[in-house]
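J.: Just the structure for this:
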Amino acid sequence: MKIVVIGGSGLIGNKLVNNLRKLGHEVVAASPSLGVNSVTGEGLAEAISGAQVVVDVTNAPSWEDNAVLEFFKTSTQNLLEAEIAAGVKHHVALSVVGTDGLLESGYFRAKMAQEELIKASKVPYTIVRATQFFEFVEAIAQFSTEGQIVRMPSAPIQPIVSDDVAAALVDFTLETPVNGIVDLAGPERLGLDELVRRFLTAKKDTRQVVTDDKARYYGVEIDDKDHSLVPRGNARIAPTRFEDWLNRSTSQV
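T.: The predicted model follows:
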C-alpha cells in the first residue's frame, strides 16, 4: 500500500514512516525539507499520486494566532483537494485531546479549524486526538517558570510517549476510516503540577513547583471540572508509564 506521511521528518512522522516501512508498505515521507510543502503546494500532487492513505502529522512553524490558523487551514485544504484528485481513500490526522475545550488558545482554534475542514471533506477520515507527549513536559515547565518557581494547575492530564503515538497511528492508518474522532492517551492520570514536579525531580532540577489552579497551561486557564487534557469516554490507552520513560531518559544522560 502507498502511504504518504505529511510531516514525515518530524518527531512523530519519522517514527511512523519507519514503522510502516518495516511492515513492507511503500511510504513517502513528505515535508518542506524533503521537497513537499503542503502550504505552498510544492510537490504535493506528485507525492500523493497513487496513494491509498495520507497521514497528516504536521505542525505549524509559528504559534502566533493568525499564523497558526492560516497554516492549518491552508495546509489542510491543499491536502484534501490533492487527495480528492488522486482518489485517496483515507485521510488520517493527528490532533489534540481536549481541543474543543481549549479554544481560548489560538493554537487550539487552529486545530479545531483543521478538524472541521476534514469533517466537511468528501475524503473518508480518522482524526486521532492524542494527549500531551512526555517529551514536551520540559517545555511546559519552561513556559510557566518565573525565576526558580514553576506555577502549575492541578488539572488532570494523561500524557503519552511519542513512540506509543507512532505505534498507534500505524494501526489507525491501516484500519478502516472511522469518519470520526478517536482519543489516544497514556496509562496514568495525574495532575499537571505533579507531572512537572516528577519531571524536575528526576532531572535534578532545583526549580520549585507551586500548585496554582489559576496558573495557565500554554496561556489557557484550565477548568479542573472540564477535564480538558484527558480523554472523554472510550480511548485507546498506550502502555508506557511516565516513570518508566523518565528512568530511561535520565539513565541515558
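J.: the strands in the stretch 1-150 of the chain, which residues?
T.: 2-6, 26-30, 53-56, 90-96, 125-130, 145-146, 149-152 (DSSP state E, counting those that start in this stretch).
J.: any idea which of those is most buried?
T.: Each of the strands of the stretch 1-150 of the chain was scored by mean neighbour count; the highest is strand 53-56, a mean of 28, by mean count of other Cβ atoms under 10 Å. All C-beta atoms are positioned from the backbone trio N, CA, C, and that covers glycine.
J.: That one - contacts with which helices or strands?
T.: Contacts defined by 3 or more Cβ pairs under 8 Å, 6 or more residues apart in numbering; DSSP states H and E place strand 53-56 against strand 2-6, helix 65-86, strand 90-96, helix 162-174.
J.: Starting from the third one, tell me which strands it pairs with and how they run.
T.: It refers to strand 90-96. Its sheet considered, strand 90-96 pairs with strand 53-56 (parallel), strand 125-130 (parallel) by DSSP bridges.
J.: Redo those as a markdown table? Include mean pLDDT.
T.: Formatted as a markdown table, the strands paired with strand 90-96 follow (pLDDT from 0 to 100):
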| stretch | mean pLDDT |
| --- | --- |
| strand 53-56 | 98 |
| strand 125-130 | 98 |
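J.: Among the ones you listed, which comes closest to residue 17?
T.: Evaluated over the strands paired with strand 90-96, closeness to residue 17 peaks at strand 53-56, with 9.3 Å, by Cβ to Cβ.
J.: which stretches of the stretch 101-250 of the chain have low pLDDT?
T.: 223-226 (pLDDT under 70).
J.: Let me see the ranges of the helices in it.
T.: Ranges of helices in the stretch 101-250 of the chain, per DSSP state H, counting those that start in this stretch, are 106-120, 137-143, 162-174, 192-202, 242-251.
J.: Including mean neighbour count, could those helices go into JSON lines?
T.: Shown next, in JSON lines, are those (neighbours: other Cβ atoms under 10 Å):
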{"stretch": "helix 106-120", "mean neighbour count": "18"}
{"stretch": "helix 137-143", "mean neighbour count": "16"}
{"stretch": "helix 162-174", "mean neighbour count": "20"}
{"stretch": "helix 192-202", "mean neighbour count": "19"}
{"stretch": "helix 242-251", "mean neighbour count": "14"}
